[in-house]
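1. Predicted model and sequence below, questions to follow.
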Amino acid sequence: MAENNEFLREVDEDYRRDRILQIWKRYSGVIIALAVLVVAGVAGWRYWQAQQRAAAEVASVRFDDANRLAKDGKVAEADKAFETLEAQGPAGYRLLARFRAAAETGKRDPAAGAAEFDKLADDTGLGDGLRDLARLRAALLRLDGPNPDPALANLQGLAAGTPFRHTAREMLGLAALKKGDYEDASRWFDQIVADPDTPRNLRERIEVYAAIVAGGPVTVTAAKPEPAAPPPPITR
């Protein structure tokens, strides 16, 4: 019985070797081509990764240089550096350069900076979070302008459940305080307090805002004018 089993195993191994040889003879060219493609693909992937790392390192240096130029007040040079990154840098640094360039423009000209952030907010190629960030930055630049109503409308939209709701609510509350609308300011500040995700530093500021709201508008009573002194008697 054992001899029969050994014979069957040998026959089976011989059969499998024959099948493998037949497959190799028939498909050896295809197998070799696939192997070459796999090796080439791995090598190409590693080369691409190396190129991406090198490009990111170069872009990082350029971005730091552009920031330094902006900090030193070299406006024209900084703008040119950011524009170069926007045109030639990797995707991530192109986006960073666009946001930073808009921020630098906003420092010099709030209306122009807000317009640049509007372009980012309207870019459907960006994610919702980045577009909301651009809307927030545009609204903050317009908030102190001659017509803050569009900025307030944008902030109200951002205050409804977006990741930037905390900043939006704070700005809306402060804008209401500035107008003397203590009821509206209290409503926005109450939303901040009720939100469990409100950052701790904002909660600390809310204590100050709440004290201002509790104090209410300050009324100044005009002092009554002193009665005029009688004219001195005329002596002859």
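-> Structure's in. What do you need?

2. Next, the contact list for A175, please.
-> 143, 148, 152, 155 (CB atoms under 8 Å, 6 or more residues apart in numbering). Backbone N, C-alpha and C define where each C-beta goes, glycine included.

3. correct me, but the second one touches R142?
-> Right, the one you point to is P148. Yes: counting by CB atoms under 8 Å, R142 is a contact partner of P148 at 6.3 Å.

4. Using CSV, write out every CA atom in stretch 171-184.
-> Once non-C-alpha atoms are left out, stretch 171-184 reads as follows in CSV (Å, rounded to 0.1, in the frame of the first residue of the first chain):
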residue,chain,number,x,y,z
MET,A,171,-17.0,88.0,14.6
LEU,A,172,-20.8,88.2,14.2
GLY,A,173,-21.2,88.8,18.0
LEU,A,174,-18.5,91.5,17.9
ALA,A,175,-20.1,93.2,14.9
ALA,A,176,-23.4,93.3,16.7
LEU,A,177,-21.7,94.8,19.8
LYS,A,178,-20.1,97.4,17.5
LYS,A,179,-23.6,98.4,16.2
GLY,A,180,-25.0,98.5,19.8
ASP,A,181,-27.2,95.5,19.1
TYR,A,182,-26.7,93.7,22.5
GLU,A,183,-29.6,91.2,21.9
ASP,A,184,-28.1,89.9,18.7
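
5. what about that stretch, average pLDDT?
-> Stretch 171-184 carries an average pLDDT of 91.

6. next one: stretch 65-83
-> On average, stretch 65-83 scores 74.

7. Show me which of P148 and R142 is the more surrounded one.
-> R142 (25 against 16; other CB atoms under 10 Å).

8. Pipe the contacts of A175 into a markdown table and attach distance to A185, pLDDT and secondary structure per row.
-> Output for the contacts of A175, formatted as a markdown table (distance: CB to CB, whole Å; pLDDT from 0 to 100; DSSP: H, G, I helix; E, B strand; the rest coil):
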| residue | distance to A185 | pLDDT | secondary structure |
| --- | --- | --- | --- |
| L143 | 15 | 90 | coil |
| P148 | 15 | 90 | coil |
| L152 | 13 | 93 | helix |
| L155 | 13 | 94 | helix |
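
9. what's in contact with stretch 208-217?
-> With CB under 8 Å, 6+ apart, stretch 208-217 has contacts from 173-174, 177, 180, 182, 185-186, 189.

10. Low-confidence ranges, the protein, go.
-> 1-21, 23-25, 27-63, 66-67, 91, 216-236 (pLDDT under 70).

11. all helices for it, in order.
-> 2-71, 75-88, 91-108, 110-121, 128-142, 149-158, 165-179, 182-194, 200-215 (DSSP state H).

12. among the contacts of stretch 208-217, which ones are buried?
-> For those, a neighbour count by 16 or more other CB atoms under 10 Å gives the buried set as 173-174, 177, 182, 185-186, 189.

13. Quick check, E170 in contact with R203.
-> No: the criterion here is CB under 8 Å, and E170 misses it with R203 at 10.9 Å.
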